[in-house]
Structure formats: C-alpha cells, structure tokens
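Student: Kindly return the folded structure for what I paste below:
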Amino acid sequence: MRRMKLSRVALQWLCRRFNEASEIKGKSFKTWRCRDLTTLIYCSLKCNQYGRFLSVIMVKGELRSIIILPEITFNAVWFDLSKKIEVFINKAEILQRKTLNAGEIISNGQIEKRSYKEALQKSRWPPNELQSVPESSTMEIRIL
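Tutor: Numbering: from 1, shown residues only. Down below sits the predicted model:
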C-alpha cells in the first residue's frame, strides 16, 4: 500500500473534478488529467454493473497510487466529499496565516490564551462521580 500525497493546488483541482462529475447524470464516461510538479494525476468517471465510481490515479515516476470512490446510490453526488476537502484546505490555510502571540495556543481550530501546561492539566472529561437525584424529581407511575 502506498500513500498518495497531493499539494493544495492538486486537491483544489480534484474538488473541482468531483463537483463536475457530480453534475453529470446517468451512465457516462469522462476523464481529466492534471500535472502537479513531478506527478501526473488522472481522474475518471466510470460505470459498471454496481454503479458509477470515480478513480483517482497518481503517477510519480514508476510509482502509482489509485483511489476508487464509488457512489453510494445511483446518481448520488460527490459534492459532500469535495466540500469536506475544501473546508480542510481552507481551515489549514487560515491557521497557517494566523500568528500566535506569547501564551496563545491553537485548540480545536481556535486560538486560546492559556499555556501548554494548563491545556495538558485541564481535563476535558467530567469525573465519573454518581450524581444523586433529588427526591422531588422522582416520577410516580399509576396503573388504572
């Protein structure tokens, strides 16, 4: 198994191809090609007896990697996948542009003003203590 590493530009190109493939309806065949520095990227929309699928092939010298993305149902679209990739790309870009001041850390995509020591010591999970239920909140069941 090989890993497929794509640049930001290649991922944006791939998202555009996912959107374009989503707009094509029915059983059809379409191919796209892109060159990214030292790699060639091929994307093709194909169909077989199980439905439509996209195949993404990356060729770098003699190394080849492939990803096959099937549709969940017939004429379903890949819009949701492209949106998730775009959000990931844009979020990483925004975080790279932000400069941190002294005492600031990034937690869950947000800049917080606390030290790393505080972040490690602070527990995100509440303690496993049993909480007693007040007697006034108990419920009575009556059978008629």
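
Student: Distance of the residue lying closest to Thr73 once chain neighbours are set aside relative to Trp78?
Tutor: When the adjacent residues along the chain are set aside, Thr73 lies closest to Gly51, with 7.7 Å between them (CB to CB, 6 or more residues apart in numbering). (Glycine included, C-beta is placed from N, CA and C.) Separation of Gly51 from Trp78 (CB to CB, to the nearest Å): 13 Å.

Student: hang on, the earlier thing: thinking the residue nearest to Thr73 is in contact with Ile68, fair?
Tutor: No: the criterion here is CB atoms under 8 Å, and Gly51 misses it with Ile68 at 11.7 Å.

Student: quick one: which of these two has more around it?
Tutor: Gly51 (15 against 10; other CB atoms under 10 Å).

Student: can you pull up the bridge partners for the more buried one?
Tutor: Applying DSSP bridges to Gly51 gives these bridge partners: Asn48.
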